[in-house]
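> kindly return the folded structure for what I paste below:
(2 chains)
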Amino acid sequence: MRMNPEELLAKIAKCVERGKVNKTSPFPPDMKEQDGADELTVQALAAGISADDVLQKGLVPGMQIIGVKFRENKVFVPEVLMAAKSMSAGMKHLKPYFQSGAVKRKGVFIIGTVMGDLHDIGKNLLGMIVEGAGWEVVDLGIDVPAAKFMAAVDQHPGAFIGLSCLLTTTMLNMEKIVHEIKAAKPDTKILVGGAPVTDDFRVRIGADWYSPDPQGAVEFLNKHVV
Amino acid sequence: MKLTPRENLIRAARRQGFDWVPIDLLLCDSQVKSFRKRFGHADYFDWFGVDFRWVELTENPGSASPRDLYPREILPAGTEFDVLGLGHSKGSEAAFHMTRMHHPLAGAETVEEILNYPLPVVKREENQPLFDQVAELHQRGLAAMCMMQMTIWEAAWYLRSMEDMLMDMMLVDEKATILFDKILEYQIHRATMHAQAGVDILSLGDDVGMQTGPMMSVELWETWIKPRLRKVIEAARIINPDILIFYHSCGDATLFIEGLIDAGVDILNPIQPECMDFNAIHEKYGNRLSFWGTLGTQQLMPFGTPEQVREVSIDRIRTCGTQGGLILGPTHLVEPEVPFENLVAMKEAALELYPRH
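Presented below is the predicted three-dimensional model:
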């Protein structure tokens, strides 16, 4: 059955939302043997839908739904992972269009767990959801000092920074890193998050945004698209 | 009543009344050092009046050359290995006692690799010290508690990596079944040995909560993890029907409580007050479940005043009432930034309502 462009894009969004990667994936059980984001992206491009529309009207809306559901505790980490897998199955077909400049990401988001902290699960989830919202994510990993964040901003002028920590001990390092970055690059917007972090703490240390969940970060970033 | 510490702890954990409010805490290395400096000895359990002591199982790593368990990863120099074969490498100096974990089965694509992974071996003949430790504690009137956290879910993802393990579960891949079952068999051996040694409290646990809610759906947990947790508990109770089952999960574990009670859990730890409503949980489950911890280490203990620690402690004790059901303590490891005065405030608050003679 031939789908019109709107149906095809809606179907891509559905595949991302449900974590349907490709036809052979057994997940989710009720979509067995159906095409996934992988095949549908190829079909959409072949049908003449622009790569930008595939991204903005297909893949990104699917991930957006998952981000909101994750915030509302309607889906959990495994579902986000499956959605991210599905998203990247579609994204791999868009790679040439990113390279040629036919499709552009919304901006660059540099993330890392602050110096002294070796936890990365929350930071990785944030990365997946922000990437799924159409941003380029540069992940500096764990135990990251201020200098490394600043070097990454030099490479990606105008980038936003996301700092993560899990421990009260390393919240103190988060504060130092925010101060160092703000002293050297006052225009750089810094988002903070992690289990012990609160908005009061964010205000106290002079960061720009706090969100208890990844979708809150997406909403802040999307408001600042140049 | 005049109870021994062991009797006091067990009665409190069974909500059968108590003489004093049991407390518990675990200090990080730098806190132990400053305690030692202050008091001249390292046994802070003794100083705080903790009613139990940890006992340790002897087990042998499954592999004599754990570095070989990482065919897909070049481990940093200085990586150390635990008994499961998990690699732990150091971070920067700012990371203090924390290490980064490496997952030997991350990226494993064959069932054989999972099947052949060498888990530790537990032997009765090597565990006489465990039996002796428990007997000695009982003679001193103290309870014996053993560490079996990272029971099912965490042991699995520590080996396989969280991403791979969750993917296996979602895709109903047989690799998940095989790894979980291997771990189950290993944990049943350990639980059995602990119960045979006469341990009073089996400390089980898997982090299934995050700050904002469950890490996975209750349905996924009930499919993969709960049935195996139940089997570990049953194995211990075949040997000792009275053994107390303590269960730890970080984060918000509220939605799992009903299932945990059903699986046989007696005591829930740590009830992070920053994301769990202790009073509501106590009201709903307090006649079927006891609580261990409850003093937050994200806000209260590091940043609160001694008076605030006292107020919250007294509130918790009053909420639980004369039947007990509370072992009061910081919700997690006491990190360097927690003022010692706050720990003293916890101890004194426990004694304020129920003085210890």
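> what is the longest helix of the chain by residue count?
All of this is about chain A. helix A:168-184 (DSSP state H).
> let me rephrase: I mean chain B.
helix B:174-197.
> list the buried residues of it.
By neighbour count on 16 or more other Cβ atoms under 10 Å in any protein chain shown, the buried set for helix B:174-197 is B:175-176, B:178-180, B:182-184, B:186-197. In this view, the C-beta of every residue, glycine as well, is placed from N, C-alpha and C.
> again with stretch B:286-294
Along stretch B:286-294, these residues count as buried under the neighbour rule (16+ other Cβ under 10 Å): B:G286, B:L289, B:S290, B:F291, B:W292, B:G293, B:T294.
> give me the subset of those that lies in strands.
If you go by DSSP state E, the buried residues of stretch B:286-294 have B:S290, B:F291, B:W292, B:G293, B:T294 in strands.
> reformat those as JSON lines; add pLDDT and distance to chain A.
Output for those, formatted as JSON lines (pLDDT from 0 to 100; distance: Cβ to the nearest Cβ, whole Å):
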{"residue": "B:S290", "pLDDT": "98", "distance to chain A": "25"}
{"residue": "B:F291", "pLDDT": "98", "distance to chain A": "20"}
{"residue": "B:W292", "pLDDT": "98", "distance to chain A": "20"}
{"residue": "B:G293", "pLDDT": "98", "distance to chain A": "16"}
{"residue": "B:T294", "pLDDT": "98", "distance to chain A": "17"}
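> show me what the helix or strand where B:D315 lies is packed up against.
Using DSSP states H and E, B:D315 maps to helix B:306-320. Contacts defined by 3 or more Cβ pairs under 8 Å, 6 or more residues apart in numbering or on different chains; DSSP states H and E place helix B:306-320 against helix B:278-285, strand B:290-295, helix B:300-303, strand B:326-330, helix B:340-353.
> list the contacts of the fourth one.
Strand B:326-330 is contacted from outside by B:9, B:12-13, B:21-26, B:267, B:270, B:290-297, B:301, B:313, B:316-317, B:319-320, B:338, B:343, B:346, B:349-350, using Cβ atoms under 8 Å, 6 or more residues apart in numbering or on different chains.
> and the pLDDT for B:M1?
If you check B:M1, the pLDDT there is 62.
> need the distance between the two termini of stretch A:116-135.
For stretch A:116-135, the first-to-last residue distance is 27 Å (Cα to Cα, to the nearest Å).
> any idea where the strands of chain B begin and end?
Using DSSP E, strands in chain B cover B:52-55, B:80-81, B:87-90, B:99-102, B:143-149, B:201-205, B:209-210, B:213-214, B:244-248, B:267-269, B:290-295, B:326-330.
> cool, chain A as well?
Counting by DSSP E, the strands of chain A are A:108-113, A:136-139, A:160-164, A:190-193, A:209-210.
> listing partners with orientation, what would you give for the last one?
In the sheet, strand A:209-210 lines up against strand A:190-193 (parallel) (DSSP bridges).
> ok, residues contacting stretch B:182-197?
Here stretch B:182-197 makes contact (Cβ under 8 Å, 6+ apart) with B:55, B:57, B:59, B:114-115, B:117, B:119-120, B:122, B:124, B:127, B:130-131, B:133-134, B:144, B:146, B:148, B:151-152, B:155-156, B:159, B:202, B:228, B:231-233, B:235-240, B:243.
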